[in-house]
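Colleague: got a predicted model here, sequence first, then my questions.
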Amino acid sequence: MAEREPIADPADRVLRIAENVVYSFAGVLLAAGAVIVLATVTWHLAFDAAKGVEKGVTTALDGLLLVFILLELLAGVRATMKEKKLVAEPFLMVGIIASIKEIVILTLESKEIYDTENAAFDNAMIEIGVLAGVILLLSFASYLVRRKEREPEEEDEADEA
C-alpha cells in the first residue's frame, strides 16, 4: 500500500464535507422549487378556470411534469450522496419526463395550428417524432443501466452456489 501524504486525509475529509454541503444545498433548492411550482400550479388551476378549463389543465399539466422533473433530480442528488458516485438512472428519467412534457405541450398546441399553417403543424409533428425517438433511446439506456447494476449481484450469487 502506497503511503499517503500527511495532508491528504484531512484534505479529503474537508472536501467530502464540502461536497455533501453543496449536494445538500442543491437538494434543498430542488425540494423548495418543487413545492413552489406545486403551489403555483394549484393556485392557477383554482383561480384561472375562468380563462378556460383546457388552458388551465394544460398549464397545470406542464407545471406538474416540471415538479416530477425536480423530484427526479432530487432523487439523483440523494442517490449520488448515498452511493458516493454519480447514478445515471434518475437523470435518464428526467430526460424521459422532460420529453414527455414537451410531447404533451406540443400536442395540445398543435391543435391550435392544425388549421392555420401546414408548415408549423408539420414542424410540430417532426418535433414530436424526434422526442418519441429520444424517449425510446433513454428508455433503452435506462434498461441497460438497470441490467448492468444487477450483473455483479447475479455473478456473486452464481459464485456462491
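Modeller: Perfect, I can see it now.
Colleague: hey, let's count contacts and neighbours off CA atoms from now on
Modeller: Noted.
Colleague: can you tell me the centre-most residue of this structure?
Modeller: Nearest residue to the geometric centre of the chain (CA atoms, centre = their mean): residue 94, 1.9 Å.
Colleague: what sits against residue 146?
Modeller: Neighbour list for residue 146: residue 89 [criterion: CA atoms under 8 Å, 6 or more residues apart in numbering].
Colleague: now the helix or strand containing it: mean pLDDT?
Modeller: Using DSSP states H and E, residue 146 falls within helix 118-160. Averaging pLDDT along helix 118-160 gives 81.
Colleague: next one: stretch 61-72
Modeller: Averaging pLDDT along stretch 61-72 gives 91.
Colleague: same deal with stretch 90-101?
Modeller: The pLDDT scores in stretch 90-101 average 90.
Colleague: for residue 103, see how far away the residue nearest to the centre of the chain is.
Modeller: Distance, residue 94 to residue 103, using CA to CA, to the nearest Å: 14 Å.
Colleague: one step back: which residue is the nearest non-sequential neighbour of the residue nearest to the centre of the chain?
Modeller: Of all residues not flanking residue 94 in the chain, residue 69 sits nearest, at 5.3 Å (CA to CA, 6 or more residues apart in numbering).
Colleague: am I right that that neighbour is in contact with residue 92?
Modeller: No. Judged on CA atoms under 8 Å, residue 69 makes no contact with residue 92 at a distance of 10.6 Å.
Colleague: what sits against the residue nearest to residue 94?
Modeller: Counting by CA under 8 Å, 6+ apart, residue 69 has contacts 94, 97-98.
Colleague: helix/strand/coil for the residue nearest to residue 128 when sequence neighbours are not counted?
Modeller: Distances taken as CA to CA, 6+ apart place residue 103 nearest to residue 128, at 5.6 Å, with adjacent residues excluded. Under DSSP: H, G, I helix; E, B strand; the rest coil, residue 103 falls in the helix class.
Colleague: pull the contacting residues for residue 103.
Modeller: When contacts are counted by CA under 8 Å, 6+ apart, residue 103 touches 128, 131-132.
Colleague: can you put these in TSV and add distance to residue 45 and neighbour count?
Modeller: Formatted as TSV, these follow (distance: CA to CA, whole Å; neighbours: other CA atoms under 10 Å):
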residue	distance to residue 45	neighbour count
128	26	20
131	27	19
132	28	16
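Colleague: I'd like those as JSON lines, with distance to residue 5 appended.
Modeller: Listed next are the contacts of residue 103 as JSON lines, based on distance: CA to CA, whole Å:
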{"residue": "128", "distance to residue 5": "56"}
{"residue": "131", "distance to residue 5": "51"}
{"residue": "132", "distance to residue 5": "52"}
